[in-house]
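K.L.:
Curious how this folds, go ahead:
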Amino acid sequence: MEKESYQNAYDVLPENLVKEIQKHYTGRLWVPVESTFFEDRNRLILELRANGETTKNIAKLVNLTDERVRQIITTQSTQI
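P.N.:
Below you'll find the model as predicted:
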């Protein structure tokens, strides 16, 4: 299992924004991805698989485990 990746807010955000956030919250803060990220990623996985790509190669391309790619293919295929 991969270790979670955290970034220092000062490394990725303007200082004034970090200070504003600190007025409301300190500690670890989770920032969700855009709502379409997972939909787009899953669509790509299905397209690659439909084009004959192996789950192992797809996993490398989208930075997931083979098992997770298989789960996505199984669940998404039944929803179509």
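K.L.:
Any stretches of this structure with poor pLDDT?
P.N.:
The chain contains residues with pLDDT under 70 at 1-4, 79-80.
K.L.:
State the helix or strand in which the residue sitting furthest away from the middle of it lies.
P.N.:
Distance from the centre of the chain peaks at Lys23, with 28.1 Å (CA atoms, centre = their mean). Per DSSP states H and E: Lys23 is located in helix 15-24.
K.L.:
ok, then the element right after that helix?
P.N.:
helix 37-50.
K.L.:
That next one - contacts with which helices or strands?
P.N.:
helix 55-62, helix 66-79 (3 or more CB pairs under 8 Å, 6 or more residues apart in numbering; DSSP states H and E). Bear in mind the C-beta positions are built from the backbone N, C-alpha and C, glycine included.
K.L.:
now for the last one, which elements pack on it?
P.N.:
Using 3+ CB pairs under 8 Å, 6+ apart as the contact criterion, the secondary-structure elements in contact with helix 66-79 are helix 37-50, helix 55-62.
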